[in-house]
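Trainee: Have a look; sequence and predicted model below, questions after that.
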Amino acid sequence: MASPRRGLPVRRGMKKPLEALLRDACERATKGGELLTTTLPPLLLTVPKEAEHGDLASNLALALARSEKRPPRAVAETIVRHLDDRDGILASVEIAGPGFINVRFAPAYWWKLLREIDAAGDAYGRSAIGVGRRVQIEFVSANPTGPLHVGHARGAVTGDALASLLAATGHEVAREYYVNDAGNQMAMLGASTYARYAELCGHDVPFPENGYQGDYVRDVAATIHASEGARWMDVDAAEARAYLGDAAGAILLEAIRDDVAALAIRFDRYVSERQLRAEGTVDTTLATLDAAGYVYDAEGARWFRSTAFGDDKDRPLVKTGGEFTYFAADVAYHRAKYGAGYDRIIDVWGADHHGHVPRMRAALAALGLDPARFEVVLVQIVNLIRGGEPVRMGKRSGDFVTLREVVAEVGADATRFFLLMRKSDAQLDFDLDLAKQRTAENPVFYVQYAHARVASIFRAAAAVGLDLDAAAAADPARLTEGEELALVRRLAQFPEIVEGAALELEPHRVVFFLMELAAEFHRYYNRSRILGDDRDLATARLLLAVNVQKTIRAGLTILGISAPDTM
RNA sequence: GCGCCCAUAGCUCAGUUGGAUAGAGCGCUUGACUACGAAUCAAGAGGUCGGGUGUUCGAAUCACCCUGGGCGCACCA
């Protein structure tokens, strides 16, 4: 991958010029004694929902009204009177409603923006707001004790899309998977595998209570049995369980790597809890906490005084049996992340772990690390829907729908799109029947079709001697329809959609933008013939179309979804 | 019991960080292919933003209290 620090276009956006005009106007008004304010509130320019409200609206006068001690409309009149549109980018300025300043841009402004968008090439939408910032994002991190299920898939896709968003905004991103390959769960995997293995060898070993009952444990045991025979029946049972647990964990982690790869996800690092322990990272972390005075012994266990940092109770670090808790190892891991010098550390967690956020923050603070650099994105549960009914999943019985099954059924693109359609902290209904449909009701195909449709237009254009080069050389001034200028306006919003999604860690914003852009393009296509008899008009429309296509492709790429030329 | 998340059209959800008459998609009704892909589009109907009080020019958005759902509260991770 190319260095994110280079080649990033400076974001122009459609708002910047208007912001400058408004600031200048206020400055002049203040100098002339017509405004009291010397410090402006942050300028908030919005794209109005109503077309009659213009291209951009400012609430500046409303925000200033109080300190000016004048009605908002009067303040707005003062500001508008001082507007100096030197470059002639404005077609109209109106004061509306309670005091909004509504602005409509001149067509020439949109033509200029379209040229800029075209000139940005495939880098369009990328920005430099994160340049020089190093971010580490940890996601999935499921125990290697079984295959990934759909809940994991949502965390996986969310984490991956967040990483892409941060990379697209110039951040240097590291993607990590924390492997809990130590502790009780792995011991239980070893015992479960041992029981299945023994069955295959003709021995009767009772299956452990709370063991992993899924059929996959039989498969794993069979794999080991096939390569190593029955020899682990001849050794001490504890040794056999330990070995089989390790072997099963390795096989299952390999399967997990395959599963995420099937969703087009890769990690830069897999960090092993066992290795952290072996390297003494957990010990030194506890010693640091102890030296800082936040560790005490009670009830036969060792505790962290997280209540000193606002947690509602203290948390155990070492169990009564002398084992580290999961928490202790996780604190050590996060301390190591800080040691690696990241500016921002992001974890994607299942919402059932939300209670862990305060204690992790407390531990970081106790270690003298800045908790503000640590952020957690909580991902809510996924309900699979088939035939209009929720698919039942029993975790205890091991009877859950795996990520692999979902991808096999609906494909990686639809899986990713559907799992990214909702804000991550809201529960999500995943309609498997809808995800499979190849119709307009299926939003992923709807968006992809808009992309393919442009490709199709260019195939037809080739027949009349028009191609990408012709489009690139087109005169956008031929685009005079309202729908055409509105499409440019939509395209112009893309960079700030990406920035907003990256800053707020909300990939679903990109999904919604793409659905709206696709809808706007489909509507335009149905109403306006692109390849008409007027050759100059046709090339101008091709210029618009190819930039719509490029923007859809850029958005889909951030989301990890393919942008096909034919469907 | 304490804490966190959620509640918006029949269904699934947006809502640009407090702005204008709350928006999409699905579903329902009615239409559009001798033209670049109808895998598309157009039109219509559909709302006490769970309820209440407050904050202010202005609240789906902020605060507090209810109601209803989800999830947490060491020796599982």
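Mentor: Alright, I've got the coordinates. Numbering: from 1, shown residues only, chains lettered A, B, ... in the order given.

Trainee: Helix or strand next in line after the strand or helix carrying residue A:221, which one?
Mentor: Per DSSP states H and E: residue A:221 is located in helix A:215-228. Toward the C-terminus, helix A:215-228 is succeeded by helix A:237-262 as the next helix or strand (DSSP H and E).

Trainee: Next, the buried residues of that following helix.
Mentor: Using 16 or more other CB atoms under 10 Å as the test for burial, helix A:237-262 gives A:240-249, A:251-253, A:255-257, A:259-260, A:262. No exception for glycine: its C-beta is placed from N, CA and C like everyone else's.

Trainee: Can you confirm whether whichever helix or strand comes after that helix lies near RNA strand B?
Mentor: Using DSSP H and E, the next helix or strand after helix A:237-262 towards the C-terminus is strand A:269-272. No. Strand A:269-272 lies out of reach of RNA strand B by CB under 7 Å from any atom of the strand, never closer than 11.6 Å.

Trainee: And the strand or helix carrying residue A:275, how far out from the chain middle?
Mentor: Here residue A:275, judged by DSSP H and E, is contained in helix A:273-278. Counting by CA atoms, centre = their mean, to the nearest Å, helix A:273-278 is centred 29 Å from the centre of its parent chain.

Trainee: Who are the packing partners of that helix?
Mentor: Secondary-structure packing of helix A:273-278 (3 or more CB pairs under 8 Å, 6 or more residues apart in numbering; DSSP states H and E): helix A:326-339.

Trainee: The helix it packs on: what's the following helix or strand?
Mentor: Counting by DSSP H and E, the next helix or strand C-terminal to helix A:326-339 is strand A:344-350.

Trainee: what angle do that next one and helix A:326-339 make?
Mentor: 150 degrees (axes from the mean of the first three to the mean of the last three CA atoms, to 10 degrees).

Trainee: Output the contacting helices and strands for strand A:344-350.
Mentor: Checking 3+ CB pairs under 8 Å, 6+ apart, strand A:344-350 ends up next to strand A:134-138, helix A:150-168, helix A:326-339, strand A:374-379.

Trainee: Name the residues that touch the last one?
Mentor: Going back to what we said before, that points to strand A:374-379. A:154-155, A:158-159, A:162, A:334, A:344-351, A:353-354, A:357, A:360-361, A:364, A:424-425, A:505 (CB atoms under 8 Å, 6 or more residues apart in numbering).

Trainee: Now, of these, which are buried?
Mentor: By neighbour count, with 16+ other CB under 10 Å, the contacts of strand A:374-379 hold A:154-155, A:158-159, A:162, A:334, A:344-351, A:357, A:360-361, A:364, A:424, A:505 as buried.

Trainee: Report the contact partners of residue A:44.
Mentor: A:58, A:59, A:60, A:63.

Trainee: Chain neighbours aside, what residue packs nearest to the closest residue to RNA strand B within the stretch 51-200 of chain A?
Mentor: Nearest residue of the stretch 51-200 of chain A to RNA strand B (CB to the nearest atom of the strand) works out as residue A:184 at 2.5 Å. Once flanking residues are discounted, residue A:184 sits nearest to residue A:323: 7.8 Å by CB to CB, 6 or more residues apart in numbering.
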